[in-house]
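Trainee: quick check, what structure comes out for this input:
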Amino acid sequence: MKILVVDDSKVNLMIATVSMKSINAVIETAMSGDECIEMCKTVKYDIILLDQMMPGKDGVLTFKELKEDKEGLNYTTPVIMVTASDDVTEEDFIKEGMNGYLKKPFKADEIKHIIEKNCREDD
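Mentor: Residues are numbered from 1 along each chain as shown. Next up, the predicted model:
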C-alpha cells in the first residue's frame, strides 16, 4: 500500500508518518498542493491524506485539480481531508467529493480506521 501525506508543516508530516508506522505501507510526503500534484503524475497512491489549510494551493484546490485529470493515475484514489478547523464537518468534504476527513490532532487508530474504510488489500 502506498500513502501520500500532504501538509505544509514538517512537524505534522512527522506526526502522521510516526502514527502510521504500524500500518504495512510505503508513506510518502509532500509539503504543498503543487508538490502533491507533481507526485501524483508519476505515482499511483492507494490513499491521499491532504491538509485543508496550506499556503498557495490549499487542500480543496489541490483536490479539485487532481479530480480534473480524468486520465490521471490518482483520479479514483480516495482523498481524505485533514483539518484542524472547527468550522467544517465531514459532510462538507463529502459534498466536495472527498472520501472523508480526519480532525487534527488525530490518533493512530483513527488513521488506521480511515485507511481500512477506504482501501482494500486487493486494490
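Trainee: center of the chain, which residue is that?
Mentor: Closest residue to the average C-alpha location of the chain: L49 at 1.4 Å, with Cα atoms, centre = their mean.
Trainee: the one helix or strand that one maps to pairs with which strands?
Mentor: Assigned by DSSP states H and E, L49 falls within strand 47-51. Applying DSSP bridges, strand 47-51 is found paired with strand 2-6 (parallel), strand 79-83 (parallel).
Trainee: quick check: next helix or strand after it?
Mentor: Heading C-terminal from strand 47-51 (DSSP H and E), you reach helix 59-68.
Trainee: okay, helices next: where are they in the chain?
Mentor: Per DSSP state H, the chain carries helices over the ranges 10-19, 33-40, 59-68, 90-96, 108-118.
Trainee: circling back to that earlier point, redo the strands paired with strand 47-51 as TSV? Include distance to G33, mean neighbour count and mean pLDDT.
Mentor: Placement of C-beta: from N, CA and C, glycine included. Output for those, formatted as TSV (distance: least, Cβ to Cβ, whole Å; neighbours: other Cβ atoms under 10 Å; pLDDT from 0 to 100):
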stretch	distance to G33	mean neighbour count	mean pLDDT
strand 2-6	7	23	96
strand 79-83	12	23	94
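Trainee: so C36 makes contact with D8?
Mentor: No - between C36 and D8 there is no contact under Cβ atoms under 8 Å: 10.7 Å.
Trainee: follow-up on the earlier one: so which of the helices of the chain comes closest to I3?
Mentor: Closest of those to I3 is helix 108-118, at 7.3 Å (criterion: Cβ to Cβ).
Trainee: rounded mean pLDDT for that closest one, please.
Mentor: Mean pLDDT, helix 108-118: 85.
Trainee: show me what that helix is packed up against.
Mentor: Helices and strands touching helix 108-118, as assessed by 3 or more Cβ pairs under 8 Å, 6 or more residues apart in numbering; DSSP states H and E, comprise helix 10-19, strand 47-51, strand 100-103.
Trainee: just those: most buried one?
Mentor: Comparing the helices and strands packed on helix 108-118 by mean neighbour count (mean count of other Cβ atoms under 10 Å), strand 47-51 ranks first with a mean of 27.
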